[in-house]
Each structure stands twice: as C-alpha cells, then as structure tokens.
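> After the sequence you'll find the predicted model.
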Amino acid sequence: MLEPINTHPNNKERLIGLALDGLPSPHTRRAYRAALDELLTWSQGQQPSTLSKALVNRYKAMLIDKQLAPATINQRLAAVRRLAQEMADNGLLEAGVASAISKVHGLRLYGVRIGIWLTSAGARELLGVPNAGSVRGKRDRAILSVLLGCGLRRDEAAAVSVEQFRMVEDRWVIADLVGKHGRIRTVAVPIWAKAAVDEWCRAGSIVAGRLFREITKCGAVTGEGITGQAVYDIVLTHARKVDPKVRPHDLRRSFARLAHEGHAPIEQLSMTLGHASIATTERYIAAKQHFRVAPCDLLDLDISSPQ
C-alpha cells in the first residue's frame, strides 16, 4: 500500500470496521478497536506511515517502552495482524506485506499472574453489602449471588433470562448459557442464590424475559435489560466496600477457587466455567499452588525462637 493508512478519518473508521467485522466477542471488539485506533493515530507521526512490517515493529517497540503487560501487547499486535490480513483480503494491502506483518510475534509470557479472589468470609460480607430493604438492593444482591454462586461472566449475567432457570435432577440450574466463543453450558444454582433471585423477581415483578432490569432514580423497574458494563459498575460499587482491589471478574475467580478448595472435581468445575480445557481451569485458579501450607513453612528455620 503506497499511501498512509490514515489519510482521512473516514478511512480510519473503514479500516477499523474491516478488522472488527466478524468478531463475535464484544470484549475483543472493544479491545481491538482501542488498539487499532492507537496504531492509526500514532502512525501519523511516523515516516513513512504506510502499513508495513517495519511500522508494526516500531509500534511494538513503542508498546514495550510504555511498559505495558506482555498480554496487553500481544493482544494489540493480534489486532494489527488481523487488520493487515483483512486489508489484504480486500485488495488494500499487498499479500506479501500482510504475510510479513503476520511474522511480527508477540512477547513470550513467563509464568502465570496470580489473580484476586475472595475468602468465604469476604464473599459473605460482599453479599451483605446491598441494602436488602430496597428494590435496587434486592436486584444487586441477586446479581452478586449469580456471579459468586454460579461463576457467571458479567455479560452472561446481564443476558440471562427468567426462562433459563429450570429444574434438572431435583435442583435449579441456569440452562443453555452462551459463553465465550459461542460455547453453551448449563450451570447449577445454589439454594441461597436462587433465593436471592426469587426475592428480586418478587420485588421487581419479573415473571419473564431478561432477569436483571434497569431501575430508575425513583426506584421504578423498567422493561429494559442491563448491559455487561452496568453489571461491572454495580459490582464495583459494592465490592469497594469490602476490598477496593476486587473487580467483577474476581467474583468468578472466587467461585472457582472456593469450589476447588471445597474439593469440587476439576472436570465439573471446568464445565461450569465454560473453559475449553481443564488446563485452562488449573491455570485460572492456580490449582497446583497452595498458600495455607507452603514450602517455606517446612524449612524449620524460625530465627525468632531462642536457640
């Protein structure tokens, strides 16, 4: 491609649209949009600013200089590789250039970052934060309950419907959840979480359709469902009163870690979470590393004790 890749705002949006077209995940679309917007804006100050392997390598170096996490850098480079391939497929970039860009590899990841999860006491404390005497509080407690009790992602919680709650083998489940990459699963619902959902349904007069709805400033329940971002904001509002570092996805991790510590079979846990493999689940919950009895506890080198 002989011309700069961002000569006009309309061209910039067109290119981003090419890369995003066909991506099913809203999270991936949002992340790729941010990455490509950054690339196209940054490239304006580069000479030459044509899309090439050299330009992408300079972009990668810029990301490293910003000291971004390797996973973040790799995701942004994946967005650029997708853009190059889509441009080539649409006759906007030479196939050889797109092939060269595909060879710009990301950073190697060493080890696994440890996540944050609540203890049983912390989870109980969080569930008690919403005001149980208000309609909004009942809704928020029900949201926290399905996140902590069923291991749902926030978008899954936002999309769940009343009709998905069914009795299977003498217990309540949420049936046919559609998760990441279109994977479908059914998850069991603990009694206390179903009780919180029922209390919200009675207070909000919810009998069908989307389970979680918007609530006006006057406390009136509307017919509109909520978004994954709304679930994020609701969780953040209550979680900061328990632990300011906790984010919505940490509730899913808390579910997984607490269930694993309670000796839930890893195969069942993996199916409940909707992971592609058990190895993913093991990394997700740090299944092979324990801290209550750690290797350092076995050293017998307590220098605080008198000799």
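Happy to help now that I have it.
> Next up, the contacts around the closest residue to Leu93 other than its chain neighbours.
The spatially closest residue to Leu93, leaving aside those adjacent along the chain, is Met87, at 3.8 Å (CB to CB, 6 or more residues apart in numbering). In short, each C-beta sits where N, CA and C put it, glycine included. By CB atoms under 8 Å, 6 or more residues apart in numbering, Met87 lies in contact with Met1, Leu15, Leu18, Leu51, Leu93, Ala98.
> wait, the second one sits on Ser43?
It refers to Leu15. No. In this structure Leu15 lies outside contact range of Ser43 using CB atoms under 8 Å: 11.0 Å.
> Give me the pLDDT for Cys218.
Cys218 is assigned a pLDDT of 85 by the prediction.
> Can you verify it is assigned to a strand?
No. Assignment of Cys218 by DSSP: H, G, I helix; E, B strand; the rest coil gives coil, placing it outside any strand.
> Could you measure from it over to Lys241?
In this view, Cys218 and Lys241 are 24 Å apart by CB to CB, to the nearest Å.
> ok, the two, which is more surrounded?
Higher neighbour count among Cys218 and Lys241: Lys241, with 13 against 5, using other CB atoms under 10 Å.
> Skipping adjacent residues, who's closest to that one in space?
Using CB to CB, 6+ apart, the closest residue to Lys241 is Val129 (5.3 Å).
> The one you found: what's it in contact with?
For Val129, the contact set (CB under 8 Å, 6+ apart) comprises Leu144, His238, Lys241, Val242.
> Name the member of those residues with the most neighbours.
Leu144 (26 neighbours).
> For it, give me phi and psi.
Torsion angles at Leu144 (phi, psi; degrees, to the nearest 10) stand at phi -60, psi -40.
> Contact partners for it?
Leu126, Leu127, Val129, Pro130, Ala196, Val235, His238, Leu251.
> Narrow the residues you listed to those in helices?
With DSSP state H as the criterion, helices contain Leu126, Leu127, Ala196, Val235, His238, Leu251 from among the contacts of Leu144.
> count of neighbours near the last one?
Other residues within reach of Leu251, judged by other CB under 10 Å, total 29.
> Which residues are in contact with it?
Here Leu251 is in contact with Leu118, Leu126, Leu144, Leu147, Leu148, Val235, Ala239 (CB under 8 Å, 6+ apart).
> Next: the third one.
Contact analysis of Ala196 by CB under 8 Å, 6+ apart lists Leu127, Lys138, Arg141, Ala142, Leu144, Ser145.
> about what we covered before: export the contacts of Leu144 to a markdown table and append columns for distance to Ala159 and pLDDT.
A markdown table is the format used below for the contacts of Leu144 (distance: CB to CB, whole Å; pLDDT from 0 to 100):
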| residue | distance to Ala159 | pLDDT |
| --- | --- | --- |
| Leu126 | 22 | 96 |
| Leu127 | 22 | 96 |
| Val129 | 24 | 96 |
| Pro130 | 21 | 96 |
| Ala196 | 18 | 97 |
| Val235 | 16 | 95 |
| His238 | 21 | 96 |
| Leu251 | 17 | 94 |
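> Dump the top strand by length along the chain to CSV, restricted to CA.
For the chain, the longest strand by residue count, based on DSSP state E, is strand 171-178. Extracted in CSV, the C-alpha atoms of strand 171-178 (Å, rounded to 0.1, in the frame of the first residue of the first chain):
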residue,chain,number,x,y,z
ARG,A,171,-32.1,-28.9,41.6
TRP,A,172,-32.2,-25.4,39.9
VAL,A,173,-29.9,-24.7,37.0
ILE,A,174,-29.4,-21.9,34.5
ALA,A,175,-29.8,-23.7,31.2
ASP,A,176,-28.1,-23.1,27.9
LEU,A,177,-25.8,-20.2,28.7
VAL,A,178,-24.0,-18.9,25.7
